[in-house]
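Engineer: Below are the sequence and a predicted model for it; my questions follow.
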Amino acid sequence: MGAAESFINGSKDHTCSDQCIDFCDCFAGAAVRDPPGTKRGKGPGSAMRAQAWMVADPNGNGLCSLAEIDGWIQKTLMHEHGDDVGKDIWRKFRPSYIRAFNDAKDIGKDRKVFKNSDTSADDYVQKGEFRLLNAYLCIYAVMFDAFSRIDGDSEGTTATDDRRMGIEEWKKGFSAISGHGFACFANVGDDASSLEAIFKKMDADGKGMVLLREFCEYIEKGEEEAGTEVGKMLGIGDGDQAR
């Protein structure tokens, strides 16, 4: 079981950073499906989602923009961990939010939402997409945690943390993320030739550096090909499955 799935299932069997654990603990509960046979909307996961949605959608229009989701994440983290620690975690994992938002907002059926405007539902996260948004927040936070631990592991962009992963950083840092449980790295040896081969596959544009986007896309593909629960969640395209 990978780290993201273990968060959603309530396990702590992984090697993620303490900040990643603190982040995912705030959203994993709302990502859980209600047990079979539970009346719709009455399970513990539904209850958490309903409460969270009211905060995320303050104007009650059933749609959440990226700015609203970002604000809700910040409020949630500050409420759970205090203002200073909460803001630190919010800033740390912010690069992962847009990937979670973009994946979630395309799940349900598209529709026009405002008269005399080209704005559509696919520009927002809808209530029926909210469960998987919470799952994606955890999934991409784990990916970002792994990436940042290899790429300097500091807040913001510095000389050692430039949002790009070089081959030497990858070879030096791979052992630190081997316990994150990504399917694509499950059978990778820690010898130089094996790590170099994986790096070349991740480096989609062949420019010698792996960006966060490339890192995430490689992991996504591996999870989907392996048929993991995380891969299945990332592959969902039917709005009815999102609830």
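Structural biologist: Ah, there it is.

Engineer: Any buried residues in the longest helix seen in the chain, and which?
Structural biologist: Secondary structure of the chain per DSSP state H: the longest helix is helix 83-105. Buried residues in helix 83-105, counted by 16 or more other CB atoms under 10 Å: 86, 88-90, 92-93, 95-97, 99-101, 103-105. Just so you know, the C-beta spots here come from the backbone N, C-alpha and C atoms, and that holds for glycine as well.

Engineer: Stretch 168-177 now?
Structural biologist: Neighbour-count burial for stretch 168-177, counted by 16+ other CB under 10 Å, picks out 169-171, 173-174, 177.

Engineer: And stretch 65-75, by the same measure?
Structural biologist: Neighbour counts over stretch 65-75 (16+ other CB under 10 Å) mark 66, 68-74 as buried.

Engineer: so how far is it off the chain centroid?
Structural biologist: Centre-to-centre, stretch 65-75 and its host chain are 14 Å apart (CA atoms, centre = their mean, to the nearest Å).

Engineer: again with stretch 220-228
Structural biologist: Averaging C-alpha positions (CA atoms, centre = their mean) puts stretch 220-228 15 Å from its chain's average.

Engineer: Buried ones in that stretch, by neighbour count?
Structural biologist: Residues of stretch 220-228 classed as buried by neighbour count (16+ other CB under 10 Å): 220, 222-224, 228.

Engineer: and what of stretch 3-11?
Structural biologist: With burial defined by 16+ other CB under 10 Å, the residues of stretch 3-11 counted as buried are 3-8.

Engineer: Which two among the buried residues of helix 83-105 are spaced furthest apart?
Structural biologist: Maximum pairwise distance among those (CB to CB): 26.9 Å, between 88 and 105.

Engineer: what residues does the least confident helix or strand in the chain by mean pLDDT touch?
Structural biologist: Across the helices and strands of the chain, mean pLDDT, DSSP states H and E gives its lowest value to helix 3-8, namely a mean of 76. With CB atoms under 8 Å, 6 or more residues apart in numbering as the contact definition, helix 3-8 has outside contacts at 12-16, 20-21, 24-25, 28, 31-32, 135, 138-139, 141-143, 179-181, 228-230.

Engineer: coming back round to it: which strands and helices lie in contact with the longest helix of the chain?
Structural biologist: helix 18-25, helix 66-81, strand 125-126, helix 130-150 (3 or more CB pairs under 8 Å, 6 or more residues apart in numbering; DSSP states H and E).

Engineer: Show me what the helix or strand containing residue 223 is packed against.
Structural biologist: Using DSSP states H and E, the element containing residue 223 is helix 212-226. Packing partners of helix 212-226 (3+ CB pairs under 8 Å, 6+ apart): helix 130-150, helix 192-202, helix 229-234.

Engineer: average model confidence for stretch 34-48?
Structural biologist: For stretch 34-48, mean pLDDT is 83.

Engineer: Which pLDDT value goes with the closest residue to residue 228 other than its chain neighbours?
Structural biologist: Leaving aside its sequence neighbours, residue 228 sits nearest to residue 183 (CB to CB, 6 or more residues apart in numbering; 5.4 Å). pLDDT recorded at residue 183 is 93.

Engineer: Contact partners for residue 183?
Structural biologist: 2, 222-223, 225-226, 228, 231.

Engineer: Good, wrapping up.
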